[in-house]
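Student: Need coordinates for the following:
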Amino acid sequence: MKADTAVIGGSGLYEIPGVEVLEEADVATPFGPPSDRISLCEIAGSAVAFLPRHGRGHRLLPTEVPSKANIWAMKSLGVQQIIAVSAVGSLQEEYEPGHFALCDQLIDRTRNRADSFFGDGIVGHVGFADPYCPRMRRALLQVIEKRGHPHHAAGTLVCMEGPPFSTRAESHLYRSWGAHMVGMTALPEAKLAREAEICFALVAMVTDYDCWREAGEDVTLEMVLEVMRRNGEAIRTMIPDFVSALHSPGDCGCRRAAESAILTKPELIPVETKRRLSLFYGRYFG
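Tutor: Residues are numbered from 1 along each chain as shown. Take a look at the predicted model:
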C-alpha cells in the first residue's frame with residue numbers, strides 16, 4: 001500500500017475514531033530500521049502513513065530517533081508530504097501552553113545527529129532558507145483557524161540536543177535571539193525531508209513555558225505530559241481535516257529541491273552510495 005501523506009508524531013496520533021489501520025508496514029531501509037512499524041490508513045479518501053517518532057511506548061531519545069531511516073521509508077511508500085507534530089516549550093509569553101504554532105523558521109542547536117543524506121562520495125547542497133513548505137503551512141493554518149484552537153501562524157523554533165531541558169542561561173539566550181519555542185525533534189527531520197524532496201510542515205504544540213519565566217514554576221515532566229495529553233486529543237480531531245486540506249499536493253518547489261543541488265559528477269559517485277540514494281536522486285544520476 002502506498003501513501004501520499006504521512007504524519008510523524010506521537011504513537012497515539014493515528015488512534016482517531018472511525019479510522020481503521022489497513023496495514024502495518026515493516027520497511028527495511030539502507031539506514032537501518034525506522035522508529036517503528038508504519039501504520040497505513042485511509043482518511044478523507046487519501047492513504048495516510050503514521051509513524052511514532054519515538055517508537056511505540058516512547059523508547060527512543062530525540063538523539064536516537066533514526067530520522068534517515070524514517071524519511072527514506074516514507075519516500076519508499078510514495079509519500080509526497082509530511083505533517084510533523086512535536087511538543088515544544090515556549091520562549092515568549094504569548095506562546096501559551098496549549099497553543100499550536102505553524103513554525104516557519106528553525107535554529108539548529110543539535111550536535112550528535114546524522115543530518116544529511118549527502119556524503120560518502122556525493123556532495124550536495126539544498127536550499128533551506130525557508131525550512132517548512134509554505135503551501136502546507138497555509139493549508140494547515142486554515143484548518144486550525146476554522147477550529148478556533150489558540151494558535152500562532154508562524155514562529156522560530158530552536159532545536160536543542162536534549163535530553164535534559166534547557167538551563168536557565170540557555171533559555172534566556174534563545175529568547176535574546178528572538179526565538180519563540182524550543183524543542184528536541186524538529187531536526188534533522190526537516191533537513192532530511194528537504195533533501196528527499198518531500199514537502200514538510202511542523203505543527204508545534206506548546207506544552208510549557210521554558211525555564212526563563214521566573215514568575216512561574218520550572219518545567220517538570222508531569223506538567224509537560226498533562227498538556228501533551230490535552231494537545232494530543234485536540235490534534236487527533238484535526239488530522240482528518242488536515243488530510244482533506246492537503247488532498248491535492250499539486251506542484252511544489254520542495255519536490256525539486258535537489259534538482260541543481262548535486263555537485264558530484266554521476267560517474268564519480270560510488271556504486272553503493274548511488275544504490276542507497278537512487279530512491280531520491282535516480283532521475284538526476286542519468
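Student: I'd like to know which elements the helix or strand that Val227 is a member of is packed against.
Tutor: Take DSSP states H and E as the rule and Val227 turns out to sit in helix 221-245. With contacts taken as 3 or more Cβ pairs under 8 Å, 6 or more residues apart in numbering; DSSP states H and E, helix 221-245 sits against strand 5-9, strand 38-43, strand 46-52, strand 81-90, strand 100-102, helix 134-147, strand 199-209. Heads up, the C-betas are built off the backbone N, CA and C, glycines and all.
Student: For this protein, name the helix or strand with the lowest mean pLDDT.
Tutor: When the helices and strands of the chain are compared on mean pLDDT, DSSP states H and E, helix 221-245 comes out lowest with a mean of 88.
Student: which secondary structure elements does the next helix-or-strand element following that helix contact?
Tutor: As assigned by DSSP H and E, the chain's next helix or strand after helix 221-245 is helix 271-285. Where contact means 3+ Cβ pairs under 8 Å, 6+ apart, helix 271-285 is packed against helix 67-76.
Student: switch the cut-off to 10 Å
Tutor: helix 67-76, helix 189-195 (3 or more Cβ pairs under 10 Å, 6 or more residues apart in numbering; DSSP states H and E).
Student: sorry, back to before: pull the distance from the helix holding Val227 to the chain's centre.
Tutor: 15 Å (Cα atoms, centre = their mean, to the nearest Å).
Student: and the angle from it to strand 199-209?
Tutor: 150 degrees (axes from the mean of the first three to the mean of the last three Cα atoms, to 10 degrees).
Student: Report the angle between helix 221-245 and strand 46-52.
Tutor: Going by the same axes, to 10 degrees, helix 221-245 makes 160 degrees with strand 46-52.
Student: So which bits of helix 221-245 are buried?
Tutor: Using 16 or more other Cβ atoms under 10 Å as the burial criterion, the residues of helix 221-245 that qualify are 223-224, 227-228, 231-232, 235-236, 238-243, 245.
Student: mind showing which ranges of the stretch 1-150 of the chain have poor pLDDT?
Tutor: Residues of the stretch 1-150 of the chain that meet the criterion pLDDT under 70 lie in 11.
Student: in the sheet, who's paired with the spatially most central residue of the chain?
Tutor: By Cα atoms, centre = their mean, the chain has its centre lying nearest to Ala84, at 3.6 Å. Per DSSP bridges, the residues bridged to Ala84 are Ile8, Leu202.
Student: can you pull the contacts of it?
Tutor: 6-9, 51, 53, 103, 132, 185-186, 189-190, 193, 200-204 (Cβ atoms under 10 Å, 6 or more residues apart in numbering).
Student: now the end-to-end length of stretch 118-136.
Tutor: 25 Å (Cα to Cα, to the nearest Å).
Student: distance between that stretch and the chain's centre?
Tutor: For stretch 118-136, the distance to the chain centre is 14 Å (Cα atoms, centre = their mean).
Student: What are the buried residues along it?
Tutor: Neighbour count says stretch 118-136 has 118, 122, 124, 126, 131-133, 135-136 buried, by 16+ other Cβ under 10 Å.
Student: which one of those is nearest Ser46?
Tutor: The closest of these to Ser46 turns out to be Met136 (Cβ to Cβ; 14.0 Å).
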